[in-house]
Structures are given as structure tokens and as C-alpha cells.
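# Got a predicted structure plus its sequence, pasted below:
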Amino acid sequence: MNLNEWLTLAGVVLSPIVAVCISLWIEGRRRDREGKMVVVRALMATRHLPGDPNYSHAINLIRVQFADCPDVITEFQAYNRVIRREKPLTAEGAAMFNQDVFAAQTKLLSAVLNAVGIKVSEADLTVEAYSAEGMIIRDNLYLASLHSQQRIAEALEKSVGINEALLNSASAAASPN
């Protein structure tokens, strides 16, 4: 066999193998990007509704989907440090805490978007978000109702204690000694 025949034979044998390897590599990159885009879509759709379960799911998936993106992981860790701080009790302290959370969230979103090739400035992220006023009112009402449930439970416990004390004193007064 001459050189031309050897090259043809090598091409016939290696071409399908190389084609399969390239296809698998492309498919892996596509799946990786799609996984990241699922997280990006959820974060962008719910960024002004942090009480939304989809927001929490997306935040929790960042470590998995963006493990190969050091900038995202750095901002994720910074965001976690901010949100895990104890929230101040004063209105002024709570406002500053919320500003810190918003700033950390904006930096995280910017890093996530940049990692998937969407170039956006942090300044744009702070002004371009939309959330229907009705959704915000609904979420605030829901949160207020949760706080009310706690107060109702405490009032019921106090009422049960008072009723038990009244019954005990009434039964003690009614029983002949």
C-alpha cells in the first residue's frame, strides 16, 4: 500500500470518530449553557420577588450550574455573606441592610449574565427590572398575613391560659371543701 491509500484508510477510520467526538463536545457545551440559562431566566424573572420559591431554587442552583465560573462563585459567596447577616431591628438599619442585599444581588446577577455571554452593566440592572405593583402588594400582604398568624397563635395561647385559669378558679370555688 502506498501513502495515499494509508491516508485514505486513516481518513475513513478516523473521520467518524472525530465527528462523534466533536458532536459530543458541542452537545455538552449546549447542555451546559442551557442549564445556566434556566438559572438566569429564573433569577431575572424573580429578582424583585425574593420570597418567590423560584428565586430560592435559582440561587441554590448557582453553585452547581456555574461551578466553572470563578467570578460567579465569588459574587455568590459575597451575596450569601450579606443575606446571612442578622437583619437590624431599626428601620434605618433595615434600610441599609436591604441596600446591601440589593447591591450584592445586582453584582451576582451581573456576574451570572456575563458568564453566559450577556453583557449588561450593573447600573442597567438596577433600573431595568419590572415588577407589577399588584405582585408587590400581593407579596407584602402575604408576608403581613404570615406575621399576623404568629400574633394570632400567641394570642390564642394566652387565651387558653386565661381560660384554664378561670376554669380552675371556678371549679375550686364550686367544689365544697
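Okay, I see it.
# buried sites along the least confident helix or strand in the chain by mean pLDDT?
Comparing every helix and strand of the chain by mean pLDDT, DSSP states H and E singles out helix 122-128 as the least confident one, with a mean of 73. For helix 122-128, a neighbour-count test (16 or more other Cβ atoms under 10 Å) marks residue 125 as buried. (C-beta placed from N, C-alpha, C; glycine too.)
# Next SSE downstream of it?
The helix or strand immediately downstream of helix 122-128 is helix 133-174, counting by DSSP states H and E.
# Can you pull out the low-pLDDT segments for the protein?
Scanning the chain for pLDDT under 70 picks out 50, 127-131, 176-177.
# Which strands and helices lie in contact with the longest helix that it contains?
Residue-count comparison of every helix in the chain, with assignments taken from DSSP state H, identifies helix 3-46 as the longest. Contact here means 3 or more Cβ pairs under 8 Å, 6 or more residues apart in numbering; DSSP states H and E; on that basis helix 3-46 packs against helix 53-65, helix 91-115.
# Now render those helices as TSV, adding distance to residue 156.
Conversion of those to TSV gives the following (distance: least, Cβ to Cβ, whole Å):
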stretch	distance to residue 156
helix 53-65	28
helix 91-115	28
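# Ok, which of the ones you listed comes nearest residue 35?
helix 53-65 (5.0 Å; Cβ to Cβ).
# Residues contacting the next helix or strand after the closest one, please?
Scanning forward in sequence from helix 53-65, with DSSP H and E defining helices and strands, the next element found is helix 70-83. With Cβ atoms under 8 Å, 6 or more residues apart in numbering as the contact definition, helix 70-83 has outside contacts at 59, 62-63, 66-67, 100-101, 104-105, 107-108, 110-112, 114-115.
# quick one on the thing from earlier: TSV for the helices and strands packed on helix 3-46, including distance to residue 81 and mean neighbour count?
Converted to TSV, the helices and strands packed on helix 3-46 look like this (distance: least, Cβ to Cβ, whole Å; neighbours: other Cβ atoms under 10 Å):
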stretch	distance to residue 81	mean neighbour count
helix 53-65	13	16
helix 91-115	8	17
